[in-house]
Structure formats: structure tokens, C-alpha cells
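> Let's see this in three dimensions:
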Amino acid sequence: MLEVEGIETCYGRSQVLFGMTLEVGAGEVVTLMGRNGMGKTTTVHSIMGITPVRAGRITMNGDDIHALPSYQVAKTGLGLVPEGRQVFPNLSVRENLVATAANRLDNPDPWTLDKIFELFPGLAARRTSMGDELSGGEQQMLAVGRALMTNPRLLILDEATEGLAPLIREEIWGCLANLKAAGQSILVIDKNVDALTRIADRHYIIEKGVVVWSGTSAALRADDTVLHRYLGV
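Next comes the predicted model:
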């Protein structure tokens, strides 16, 4: 589905990605892990067309997308839950969900408000609340719901549970497990290795803008040296 092949990305004269490569297949949950400042968010921004790539190739279902503007990248079936959530503060929960809702790829069973409220019951009770009136956990649920309302082929979550209370984190992980069971393809960035290895099929670990390890959840759990070398503090 998504293929990232040897991309290089810079901010001015400062290069961040040095041949970044990964792929996500249909129905897979794949993670991108690494310490802070290693290029995870830059990879997401490169995929989404927010930060242009200098070299390499990004394809979605075989079609090149690395030269497209962000709004056209989104139309190919990518839905982003950005770092920091970035919900619309002066729109209600309902308005946030419908503002960018679309079914451009003709999903035969599209996401609706009722389905989002069933996935996140806490949002149903807050449907008239403004975005800036929500807790951090509620904002994250809203950001996930907003992305799902675009009916994406691939859902991307950048720092899925950063700064959230433990109970809210578990709710997010439960949501992602349910989405996986329904066949949703997901690329997720987070630091919670235990949770990620429970739900993900494969993992990529990035250091200084390049993949230094990739493999299955079983392989990652079995190799303490990888965890300590690339993910330990």
C-alpha cells in the first residue's frame, strides 16, 4: 500500500532523513520508533507532503505521491492524526468531525458520526463542546475520529499517546486494536513498546534519519539489545 523508498529530507541546509525506507501493507499495523529528534515526525511530514523530499520516492498503491501537495496526498487515502492533536479549538466536537469528512474512495461502509461516537463514547457526551474545552485525552480521541471521518486507506498517528493519562492511553490502544481487527491499515509512532508489540505486525526503528532495525513484534521482544541500544534513555 504505502512504500517509502530511500527518501532524503532537509530543513534548509540541515538534513534530517538520509535514505529513509519503510512500507505498510493492506491491513497491517506498522510502527516507527526511535528516540526524540531522530526523524520520526519528519518522516510523517514527508509522507504527507508537508515537508518536501529532496530525493527518493513515496508511492501509495503504486502511484507516486512525493511531489504532490498535502491536500492531494490526503485524497489518495492517507489520514493523519498529527502530533499535538491540533483540533480546531473554536469548533464543537461535532463540527470538528464533519468539517473535513469525505468518502472520496467510495468506502462501501463509511465512517459516520454515530460510528465515531460508538468507538469513543466519551465524545458523544461532549458533542457540543468546543475543541479547546476538551481534555488532552478527549482531544486525541477527537483527532483520531476526525481522521477516520475521511475514510482513509491508511491511518497515521504521530505520537499516539504522548502526554495522556494511563487510562486514556489504554483506551487509545484498545481503539487501534479494534481498527486493526476491522482491517484498517495503520502507521503509528509512539514510545510505548509493550503496547506497540501487542498490536503491531512489524516495526521500524530509526536513528539519525535512517532505519537501523526492522522486524516483527516477536523479534523485537526477544532482542533486549535492540531495545536498550536504540530506544533506551
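> List the buried residues of the helix or strand bottoming out on mean pLDDT in the chain.
Across the helices and strands of the chain, mean confidence by mean pLDDT, DSSP states H and E is lowest for helix 224-226: a mean of 88. Neighbour-count burial for helix 224-226 flags V226 (criterion: 16 or more other C-beta atoms under 10 Å). In this view, the C-beta of every residue, glycine as well, is placed from N, C-alpha and C.
> hey, which helix is longest across the chain?
helix 166-181 (DSSP state H).
> Quick one: list the elements packing against that helix.
Contacts defined by 3 or more C-beta pairs under 8 Å, 6 or more residues apart in numbering; DSSP states H and E place helix 166-181 against helix 136-148, strand 185-189, helix 193-199.
> Export the ones you listed to TSV and append columns for distance to G27.
As requested, the helices and strands packed on helix 166-181 are exported to TSV (distance: least, C-beta to C-beta, whole Å):
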stretch	distance to G27
helix 136-148	16
strand 185-189	6
helix 193-199	13
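> Quick one: closest of those to V81.
V81 lies closest to helix 136-148 among those, at 4.8 Å (C-beta to C-beta).
> In PDB, list the C-alpha atoms belonging to that closest one.
The C-alpha trace of helix 136-148 is given here as PDB (Å, rounded to 0.1, in the frame of the first residue of the first chain):
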ATOM      1  CA  GLY A 136      -6.000  16.100  26.200                       C
ATOM      2  CA  GLY A 137      -7.300  12.600  26.000                       C
ATOM      3  CA  GLU A 138     -10.600  13.800  24.600                       C
ATOM      4  CA  GLN A 139      -8.800  15.900  22.000                       C
ATOM      5  CA  GLN A 140      -6.700  12.900  21.000                       C
ATOM      6  CA  MET A 141      -9.900  10.800  20.500                       C
ATOM      7  CA  LEU A 142     -11.400  13.700  18.500                       C
ATOM      8  CA  ALA A 143      -8.300  13.800  16.300                       C
ATOM      9  CA  VAL A 144      -8.500  10.100  15.600                       C
ATOM     10  CA  GLY A 145     -12.200  10.400  14.900                       C
ATOM     11  CA  ARG A 146     -11.600  13.400  12.600                       C
ATOM     12  CA  ALA A 147      -9.000  11.400  10.600                       C
ATOM     13  CA  LEU A 148     -11.300   8.300  10.400                       C
END
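> Can you give me the buried ones in that helix?
Result for helix 136-148 [16+ other C-beta under 10 Å]: buried residues G137, E138, Q139, Q140, M141, L142, A143, V144, G145, R146, A147, L148.
> tell me which strands and helices that helix is in contact with?
Secondary structure elements in contact with helix 136-148, counted by 3+ C-beta pairs under 8 Å, 6+ apart, are strand 78-81, helix 93-99, helix 113-119, helix 121-124, strand 154-157, helix 166-181.
> Please identify the deepest-packed of these.
Ranked by mean neighbour count under mean count of other C-beta atoms under 10 Å, these are led by strand 78-81, which reaches a mean of 25.
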